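Asker: fold the following for me, if possible:
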Amino acid sequence: MFQFKQTGDWKNRKYSFFTIAVILFWLKTYIAYKIEFNLGIDNGLQKFLLLINPISSALLFFGFALLFRKKVQFTVMLITNFVLSFLLYANIVYYRFFNDFITVPVLMQTKTNAGQLGDSALSLMSFMDVFYFTDTILLAVLAVKAYGKFKETGKRSFRLAMLFAVTTFLFNLGLAEKDRPQLLTRSFDRVYLVKYLGAYNFTIYDAVQNIKSSSQRALADSSDITEIENYRNANYNEPNPKYFGKAKGMNVIYISLESLQSFIIDYKLDGQEVTPFLNSLTRDPNTFYFKNVFHQTSQGKTSDAEFLMENSLYPMSQGAVFINKAQNTFHATPAILKGYGYNSAVFHGNYKTFWNRNVMYKALGYDRFFDAEYYTMKEEDTKNYGMKDKPFFKESIPLLKTLKQPFYTKFITLSNHFPFEMDEEDTDFPAGTTGNDVVDHYFQSANYMDQAIEQFFNDLKAAGLYDNTMVVMYGDHYGISENHNAAMSQVVGEEITPFKNAQLQRVPLFIHVPGVKAVQDDSFGGQIDVRPTMLHLLGIDTKDFLEFGSDLLSPQHHQVVSFRNGDFVSPKLTQVNEKCYDTTTGELVEDGTMCAENAERVKTELQMSDEIVLKDLLRFYTPNGYKPINPNDYEYIKEDVPVEDTQE
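Answerer: Sure thing, here's the model as predicted:
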């Protein structure tokens, strides 16, 4: 970076104080990363990125001091160092309590969050923490002793520092994108951003995202909701009286079937059913099975599926609502059901910060969040992003039994996750023979998930919960991407064209309602349609809610399924890349304008949904009978959970 010609004249070098400030701050930050934060470093590249990511921030912030005259530079650098050190230490204390990093909304709610820490704040601090301000003290001493002995710097020095800062950051970002593609656009988790880019760069990123979000929100007013409300009223579909209220008063369990696509249902490999239990549910007299439901997720993948299921709104085209709009007002299912006496909880064998769930679930109105802190997380029971499905479900049952009925809950599975490789002791099911490891292992992991689901159903029966519980299971998004279409063509027995690829986006949807005579439904639908379907089964009419889904069981159900990119599928026509196909034959339609009407409807709904999300318009609208929730009423801090059955 900046070097000295002779060690004896270091005080006379132009950049000496600046260089010392940068080096001390860099080393302190790196040490803090290593001893204070659990960042999940998995490989050599991540270790290297963790080492270098404080450098660009140090160069950037200390570099601004070079704009000032020498007498002021020392003061500006000391103030900069103290402010950054305080931010680092605040993150350390906050992480010790919440296992999370401070965001701009947290800083803006200082009073609330300070209250959450309460009397525990002092216990989170240690006398040894003075280390995080040691470089500030050293720089102050050095500034006093060497005052007047450092050479003057000018604007050229500032430009040089900025050049080094930008170059270092771009180098850092390039390596980070190699290890974690779409890091900034998908931004899975704050831990990921800190691990790859650093705590200070994360703060800058978070501030930019919040400024962008705030500007969209600030320009909105209540009149923006009128057109959307009128559209919703004109397109509302009445529930089917045959099924409306058939599950009234029942518990509800959602199960997110990680990466499960519909082609695997009833598929046989070497004469063996891959998913025998799920296959049996397609023929079960108490299970609604929808074989033409498509996932509608975008970059947010699993979190997008959750958002669709809970709100019947479309995900964002870039980024994820869970990350970028978690401070919004929502009228989500858990909040709706509070008005009907339901308690709500999420069960997930990963840590609560992943996909910003510990923030987003508050906005959705979830009462409890049982994350990895509630599970044993034994090494043999974990893989990929958390708990394997079998131990996850097994350990969840005692937690589930502590909930007061009726309850609304969600279970997020993890085992059937890319790249689908299984531990040898977890499966004896054969792998595929396409020669593509991802596709071949998919059969094994899907089979493992199927066994875990069957185990869970049996445990519900043993716990006495089965007969009064509606279970909704859905594939959250595709598991096998277009990159593996050559191997997938062997699986499905035909070439995978763009049209065929669109058809492969089907995901299974099961709604199991004990005691209710169900049907296998051929209607085309999307994940956005699940909420109104489920609520109508509970006897709750959705006509007053601003949503874009419609009841799959309604005779009036609209069967055009929108994709986030503007394409769509329907029983008659499919649009892919602005080309119109006959859904039955897969052939291009000569008159391409035949898709125009549906395409326009899709465009309208996507735009209106974006208006709601980007401008936070639901704050201007309260449905009849709905009691708004306050996210500040919820906090997901681990507490002791009794294992005995406390149901009422």
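Asker: how about the helices in the stretch 201-350 of the chain?
Answerer: Here the stretch 201-350 of the chain has its helices, by DSSP state H, counting those that start in this stretch, at 226-235, 276-281, 302-311, 321-324, 333-338.
Asker: show me how this structure divides into domains.
Answerer: When the chain is parsed into structural domains using automatic domain parsing, the resulting residue ranges are 7-217, 224-630.
Asker: the longest one spans what distance, first to last residue?
Answerer: It stands for domain 224-630. End-to-end distance for domain 224-630: 23 Å, by Cα to Cα, to the nearest Å.
Asker: ok, back up a step: buried deepest among the domains of the chain, which one?
Answerer: Neighbour counts (mean count of other Cβ atoms under 10 Å) averaged over each of these peak at domain 224-630, with a mean of 19. For the C-beta atoms, the positions are set from N, CA and C on the backbone; glycine is no exception.
Asker: mean pLDDT for the helices of the stretch 201-350 of the chain: which is lowest?
Answerer: Per-stretch mean pLDDT for the helices of the stretch 201-350 of the chain is lowest at helix 321-324 (a mean of 88).
Asker: what lies in contact with that one?
Answerer: Helix 321-324 has contacts (Cβ atoms under 8 Å, 6 or more residues apart in numbering) with 187-188, 209, 213, 300, 303-304, 306-307, 315-316, 328, 355-357, 360, 613.
Asker: OK, contacts around the residue nearest to residue 325 when sequence neighbours are not counted?
Answerer: In space, residue 325 comes closest to residue 613 once its chain neighbours are excluded; the distance is 5.7 Å by Cβ to Cβ, 6 or more residues apart in numbering. With contacts taken as Cβ under 8 Å, 6+ apart, residue 613 has the following neighbours: 313-314, 316, 321, 325, 328.
Asker: min pLDDT across those residues, which one?
Answerer: Lowest pLDDT within the contacts of residue 613 is found at residue 316 (88).
Asker: my understanding was that that residue contacts residue 325; is that so?
Answerer: Yes. With contact defined as Cβ atoms under 8 Å, residue 316 and residue 325 form a contacting pair (7.4 Å).
Asker: name the residues contacting each of the two.
Answerer: Common neighbours of residue 316 and residue 325 are listed as 613-614 (criterion: Cβ under 8 Å, 6+ apart).
Asker: contacting residues around residue 347?
Answerer: Residue 347 is in contact with 370, 392, 396, 399-400, 409-412, counting by Cβ under 8 Å, 6+ apart.
Asker: now do residue 467
Answerer: The neighbours of residue 467, taking Cβ under 8 Å, 6+ apart as the test, are 514-515.
Asker: rerun at 6 Å
Answerer: Remark: with contacts taken as Cβ atoms under 6 Å, 6 or more residues apart in numbering, residue 467 is in contact with residue 514.
Asker: with residue 217 instead?
Answerer: Contacts were defined as Cβ under 6 Å, 6+ apart; by that measure residue 217 touches 615-616.
Asker: would you agree residue 176 falls within a helix?
Answerer: Yes. Residue 176 forms part of a helix when assessed by DSSP: H, G, I helix; E, B strand; the rest coil.
Asker: quick check: it vs residue 162, distance?
Answerer: 21 Å (Cβ to Cβ, to the nearest Å).
Asker: how about the helices in the stretch 401-550 of the chain?
Answerer: Along the stretch 401-550 of the chain, the stretches classed as helices by DSSP H, counting those that start in this stretch are 437-462, 485-492, 498-503, 530-537.
Asker: out of those helices, which comes closest to residue 27?
Answerer: Proximity to residue 27, assessed across those by Cβ to Cβ, is greatest for helix 437-462 (41.2 Å).
Asker: show me how far that closest one is from its chain's centre.
Answerer: Average the C-alpha atoms of helix 437-462, do the same for its chain, and the two points are 23 Å apart (Cα atoms, centre = their mean, to the nearest Å).
Asker: make 22 the first number, not 1, from now on.
Answerer: In the new numbering, first residue 22, that becomes helix 458-483.
Asker: which other helices and strands does that helix contact?
Answerer: Using 3 or more Cβ pairs under 6 Å, 6 or more residues apart in numbering; DSSP states H and E as the contact test, the elements touching helix 458-483 are helix 297-302, helix 410-421.
Asker: hmm, back to that, which one of the helices of the stretch 222-371 of the chain lies closest to residue 147?
Answerer: For residue 147, the closest of these is helix 342-345, at 32.1 Å, according to Cβ to Cβ.
Asker: can I get that closest one in CSV, CA atoms only?
Answerer: Presented in CSV, the C-alpha positions along helix 342-345 are these (Å, rounded to 0.1, in the frame of the first residue of the first chain):
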residue,chain,number,x,y,z
VAL,A,342,-39.3,-8.9,0.0
PHE,A,343,-38.0,-10.7,3.1
ILE,A,344,-34.8,-8.7,2.8
ASN,A,345,-35.8,-5.4,1.2
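Asker: give me the contact list for the strand or helix carrying residue 601.
Answerer: Element membership for residue 601 (DSSP states H and E) is strand 600-603. Strand 600-603 is contacted from outside by 520, 595, 609-610, 613, 615-616, using Cβ under 6 Å, 6+ apart.
Asker: quick check, nearest of those to residue 307?
Answerer: Distances from residue 307 to the contacts of strand 600-603, taken as Cβ to Cβ, are shortest for residue 595 (32.3 Å).
Asker: that closest one - that's part of a strand, no?
Answerer: Yes. According to three-state DSSP, the state of residue 595 is that of a strand.
Asker: give the contact list for it.
Answerer: With contacts defined as Cβ under 6 Å, 6+ apart, residue 595 is in contact with 523, 602, 604.
Asker: quick one: it and residue 317, what's the gap?
Answerer: Shown here: residue 595 relative to residue 317, a distance of 14 Å by Cβ to Cβ.
Asker: ditto for residue 511
Answerer: To residue 317, residue 511 is 27 Å away according to Cβ to Cβ.
Asker: cool, residue 596 as well?
Answerer: Counting by Cβ to Cβ, the gap between residue 596 and residue 317 amounts to 14 Å.
Asker: before we move on, what about residue 227?
Answerer: Relative to residue 317, residue 227 is positioned 28 Å away (Cβ to Cβ).
Asker: swap in residue 449?
Answerer: Look at residue 449 and residue 317: by Cβ to Cβ, they are 35 Å apart.
Asker: ok, now residue 550?
Answerer: Per Cβ to Cβ, residue 550 is found 9 Å from residue 317.
Asker: who's in contact with stretch 423-435?
Answerer: Applying Cβ under 6 Å, 6+ apart, the set of residues contacting stretch 423-435 from outside is 272-277, 279, 355, 358, 363-370, 405-407, 410, 662, 667-669.
Asker: hang on, I meant stretch 575-584
Answerer: Applying Cβ under 6 Å, 6+ apart, the set of residues contacting stretch 575-584 from outside is 258, 260-261, 315, 544-545, 547, 571, 589-592, 619, 623, 626.
Asker: okay, and which of those map to strands?
Answerer: Restricting those to those inside strands, with DSSP state E as the criterion, leaves 315, 547, 589-590.
Asker: for residue 178, what is the enclosing helix or strand?
Answerer: helix 176-200.
Asker: name the residues that touch the following helix or strand past that helix?
Answerer: As assigned by DSSP H and E, the chain's next helix or strand after helix 176-200 is helix 204-207. Contact with helix 204-207 is made by 197-198, 217, 320, 339-340, as judged by Cβ under 6 Å, 6+ apart.
Asker: no further questions, thank you.
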